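**Q** structural data only, the sequence is not supplied:
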């Protein structure tokens, strides 16, 4: 791990607006360029996007997904199994001493779908070493997490191209 002269905090990016994952990716990029070791763990995501291509090409940090295929066609049992694997990996990454920053992308979706409990989310905060930055993203951050976090940013949707029927665009939304 890199030499750090700061205390690791808990950050939350939430809300219905676009930009939660993008904000966390920007933070991960900034950290990795300052020689911090970053792991970006994606919950309930299986799409390979531009961030994966960038991370593969330049290797600033690792992005780890636990799902494959169309998540909308999977059973709850399959999604629960993928979420459990992601959670176990996240817990090990957080406490294993290898990373300075652990990003848990879309973890709140897993919570709201009932695949992770509030106790599991709080346990991650409780287990976080003092020198590790922990970042949560996803819509509808639970109030218990908001209260415990050091930084909370809510992305507010004012207007979105989806509302006008514009689908996801390669290189912009993924």
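**A** Great, that's in hand. It should be emphasised that the depicted structure is a prediction, and the values quoted were computed from it without experimental measurement. Numbers count the residues shown, from 1 in each chain.
**Q** switch to C-alpha atoms for all contacts and neighbour counts from now on
**A** OK.
**Q** any regions of the protein where pLDDT drops low?
**A** Scanning the chain for pLDDT under 70 picks out the ranges 1-5.
**Q** residues in contact with the residue positioned nearest the centre of it?
**A** Central residue of the chain (CA atoms, centre = their mean): residue 105, 1.5 Å from the mean position. For residue 105, the contacting residues are 21, 24, 40-43, 135-138, by CA atoms under 8 Å, 6 or more residues apart in numbering.
**Q** in helices, which of the residues you listed fall?
**A** 21, 24 (DSSP state H).
**Q** restricted to strands, list the contacts of residue 105.
**A** 40-42, 135-137 (DSSP state E).
**Q** show me the contacts for the residue nearest to residue 171 when sequence neighbours are not counted.
**A** Nearest residue to residue 171, sequence neighbours excluded (CA to CA, 6 or more residues apart in numbering): residue 50, at 5.8 Å. Applying CA under 8 Å, 6+ apart to residue 50 gives the contacts 170-171, 174.
**Q** how about residues contacting the longest helix seen in the chain?
**A** As assigned by DSSP H, the longest helix anywhere in the chain is helix 76-95. Defining contact as CA under 8 Å, 6+ apart, one finds that helix 76-95 is touched by 39, 41-44, 65-67, 71, 99, 102, 104, 110, 115-116, 124, 127-129, 132, 134.
**Q** still on that earlier bit, nearest to residue 13 among the contacts of residue 50?
**A** residue 174 (17.8 Å; CA to CA).
**Q** give me the neighbour count for the closest residue to that closest one other than its chain neighbours.
**A** Counting by CA to CA, 6+ apart, residue 49 is the residue found nearest to residue 174 once chain neighbours are left out, at 4.5 Å. Using other CA atoms under 10 Å, residue 49 is surrounded by 13 other residues.
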